[in-house]
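1. could you look at this predicted model? Sequence included:
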Amino acid sequence: MSDTAIRGIGRRDFLKTAAVGAAAAAAIPTVAAAQQPKRGGVLKHMGLEPPSFDIHATVSYQTQLISSFVHRTLFKFVNGPKYGPSDFTPVPDLALKAEVSKDGRTYTITLRQGVRWENKPPVNGRELVAADVKYSLERAVKKSGYASLLGQVEGVETPDKYTVRVRLADAFAPFLHNLAEAWNGILPREVEDKLGDFKAAESLIGCGPFTLERYEPGVKAVFARNPDYFQKGLPYLDKVEWLFVKDRSTQLSLFRAGQVDIPFYDARIPRSDVGSFKKSNPTYPVAYWDWLAVRSLAMRTDKPPFNDVRVRRALSLAIDRKKWVKEYLEGQGFEDHGPVPAPMREWKLPTKDLGEGARWLEYNPALAKKLLAEAGFPNGFKAKCTHWPGYGPEYVEELELLTFYLKQIGVELQIVNEEYGNYIRGSFLGKYDETTWGPSSIFTEVDGYLYNFLKTGQPNNRSHVSDTKLDVMLDAQRRYIAKSSRKKVIDDIQRHEADQMYYVYTPYPKNLASWTPWVKNYQPKNSFDRGAQLEVVWIEK
Amino acid sequence: MIRYALKRLLLVVPTLVLVSLFVFGIIRAIPGDVVDMMLEQFQYGKDAAELRAKLGLDRPLLEQYLVWVKRLLAGDLGQSLWTNRPAAQDIAARFPVTVTLSLLSILISLLVALPVGILAALRQDTAGDYTARSFAIGALSIPNFWLATLIVVLPSFYFNWAPPIGNFVALGQDPLGSLAQFVLPAICLGITQAGVILRMTRGMMLEVLRQDYVRTAWAKGLGSRVVVLRHALRNAMIPIVTVIGGQMPFYVGGSIVMEHIFGLPGLGSFVLEAISRRDYPVIQAVNLFVALLVILSNLLVDVSYGALDPRVRQHE
């Protein structure tokens, strides 16, 4: 990995990204103005109750969703119908701009001036300054389960009140992007000093578009417009009610009845209900949108039979991905071969460009049987496959489909349904005997799907991949700040993964979303920054 | 009677000790350790020993149990491992929801079952009796979660209407509005029990109505209301009250499902969440609390025998 690459292209690429981001940020009010936004109204949103309100003390997305109403980040992703669900162009939020040094190791972030914390104890409306950012970044590095997504932070300095300088041990391409994630919200130190931590709802004190008006455990959280929000004119909504109704049927019924405006935390409605839904609520918009949770069969590649690449390739060859998408998903899905999710189009390498690996993604049961025979399994074999059925009936059906395909080549998956606690702390983290199937976590940066799942020793490396060549590439893609150079490495990673088939990725559907027709400027988003998403939304009844 | 009640109260102590031991042990026997889960949520794989020590889970089980009991005796039910909130605070906030739902369900069961059961017995083998018996079998056969789902889903599909869910109002804030939220879940929960009580009432009434003293009462020319309600029903009530008392765990258990479907913030949904997170202090506190309730409700049933039947009082 040459430093020249980082210096030469990296700086230009970053400035380009920042410029696009700034333009996009400026475009938000323009778009809103064109559609004549209305102020006022209460948005009732199905939500989830978090286990804790501390964004650093948990990796729970429920916590990120709810805290994003109140806490703001240095950068945020573009929001609104103008941008796609997976458009993660970062734009300034609490920061005005960022500059990266030539070696890609030092980021100098200039803060927006005049941002004030809520006018309540213990912060009492004081100005947000560089010391707050230093405190929050250092806390994230020390406490967050996502800390590795900030690279190796060597130090955070505050040369003046509005400047933060972050030094990294090594160049880390996703650094700025990841600052826009909801788990990187900026927190006021006084709250931790007073309450001891940020676990309780009372600690939800920030500088975001909304303030926590009240929290009723097991019922809802109500957020009201922050009158001192630094984005003048935003948010449009008076209030957001974040409801903790857990039963899916009840959620949809309340939505059908117009009692809530958004039927799920990400506006999703089940595919199986779409037909009846369109009949009962013909005026409600229904939209397909790209989903980033890839599904894969993870295998113990560190022991037989899955340490034999021929076996892994055979499993992939048994799946008719085209038919799966066309017939089962009615054309509304992705054949996705992983590891980069298909909706991440700027990084995704088309199947035709995968080289040798592309042939293992074809549907060829005869070749699959031949490979199995060569590997010493002419009659196939049985393998346990752990799974959490609580993901929902659609997931169970997909696993049944996978089981069906594998049975055609003599491989019998014996499904072991696990209780959530066991699954999430076990199989989800690679603790299983033979295979496990399920969706991935969602990441907004491609590195999340690569490093986490393929790098030796990573907890999310469910297939127990240990491949020196791959490790080198995974480290390299993190160091290339220049997008074009980074893309080349990521292309190579995708080719290598397709050839080695460390995970057998299975097709998955696009999501269906709906919201009440009076909710305007809404767009489903593949991020957990719900505050930024809803600050541009208004209600027009 | 007082001595009898005191004797029963004394028996509560060993029962609670056994329950506490069982609850303490069984939650730790469930696969999945809270430290593992917290580390998965917090920091992958770091400082497991430190976290275990911080939570006091590194000590021998007996010691942990004794520490818990000592705190219990001091009135401290413990605090959540996840939120740091005292379990007593959450129980106090959620108990009124569960108890309101349970009491309303019992009330609905009784309002349906007693009159229909009595009438069915009085008109044995008539069309009314057959209808009542069919209703009882139907009520027993229909799963209450299915009924609840239908009640929520169907009106929204056909009439774009749904029951008021998701904006829970506490009883103290708006008594009528609050009770309105409980009516549908209480019907769903109560209807199954109505089937049980109806069958029991009908059977017991049939038996009592054939007794000599009832025949004598009729022969004396007493009014049917006096004969049926004072002489027959009162004597038929003991087994019925026993059934109702014995169903307390059902009401608490059933409330978990109803709270889930109707979005009620009661103890059921709370303990379910705590179990999935292996929040030991909360699970222990809620289970002990519910066990105490069940024991006390059974005690109440025992005491009511005396009120219903003078022979019990005399014997005591």
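-> Arrived safely. Residues are numbered from 1 along each chain as shown, chains lettered A, B, ... in the order given.
2. need the contact list for residue A:235.
-> By Cβ atoms under 8 Å, 6 or more residues apart in numbering or on different chains, the residues touching residue A:235 are A:209, A:210, A:225, A:226, A:229, A:534, A:535, A:536, A:537. In this view, the C-beta of every residue, glycine as well, is placed from N, C-alpha and C.
3. redo that, cut-off 7 Å
-> Remark: with contacts taken as Cβ atoms under 7 Å, 6 or more residues apart in numbering or on different chains, residue A:235 is in contact with A:209, A:210, A:225, A:534, A:535.
4. what ranges does the stretch 51-200 of chain A have for its strands?
-> A:75-77, A:90-92, A:95-100, A:106-111, A:153-160, A:163-168 (DSSP state E, counting those that start in this stretch).
5. also the stretch 1-150 of chain B?
-> Under the criterion DSSP E, counting those that start in this stretch, the stretch 1-150 of chain B contains no strands.
6. what number of residues lie near the residue nearest to residue A:369 when sequence neighbours are not counted?
-> Distance criterion Cβ to Cβ, 6 or more residues apart in numbering or on different chains; nearest residue to residue A:369, sequence neighbours excluded, is residue A:409 at 5.3 Å. By the criterion of other Cβ atoms under 10 Å in any protein chain shown, residue A:409 has 22 neighbours.
7. where does residue A:409 fall, secondary structure wise?
-> Residue A:409 belongs to no helix or strand when assigned by DSSP states H and E.
8. in terms of contact, does it touch residue A:313 like I think?
-> No - contact criterion Cβ atoms under 7 Å: residue A:409 and residue A:313 do not qualify, at 11.3 Å.
9. what touches both of these two?
-> Counting by Cβ under 7 Å, 6+ apart, nothing touches both residue A:409 and residue A:313.
10. circling back: quick one, what contacts the residue nearest to residue A:369?
-> A:314, A:318, A:365, A:368, A:369, A:372, A:380.
11. next, the contact list for whichever residue of chain B sits closest to chain A, please.
-> Using Cβ to the nearest Cβ, residue B:265 is the residue of chain B that sits closest to chain A, at 2.9 Å. Neighbouring residues of residue B:265 by Cβ under 7 Å, 6+ apart: A:217, A:218, A:219, B:94, B:97, B:168.
12. report pLDDT for residue A:96.
-> Listed pLDDT for residue A:96 reads 97.
13. rewinding a little: and the contacts of residue A:409, which two are furthest apart?
-> Using Cβ to Cβ, the contacts of residue A:409 span at most 11.4 Å, a distance reached by A:365 and A:380.
14. okay, domains of chain B per the record?
-> B:32-76, B:91-315 (automatic domain parsing).
15. and the ones you listed, which one is worst for confidence?
-> domain B:32-76 (a mean of 76).
16. tell me how many other residues surround residue 193.
-> With no chain named, the answer covers chain A. Here the number of neighbours of residue A:193 (other Cβ under 10 Å) works out to 9.
17. think we crossed wires, I meant chain B
-> Each residue near residue B:193 was counted by other Cβ under 10 Å, and the total is 25.
18. host element of it?
-> Counting by DSSP H and E, residue B:193 is part of helix B:175-209.
19. which parts of the stretch 151-300 of chain A sit against chain B?
-> Within the stretch 151-300 of chain A, the positions near chain B by Cβ under 7 Å from any Cβ of the partner chain are A:199-200, A:217-220, A:243, A:245-247, A:249-250, A:253-254, A:256-260, A:276, A:280.
20. can you tell me which of those residues are in strands?
-> A:220, A:243 (DSSP state E).
21. so how do I select the buried members of the residues of the stretch 151-300 of chain A next to chain B in ChimeraX?
-> Entered in ChimeraX, the line below selects the buried ones among those, by 16 or more other Cβ atoms under 10 Å in any protein chain shown:
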select /A:199,200,217,218,219,220,243,245,246,247,249,250,253,254,256,257,258,259,260,280
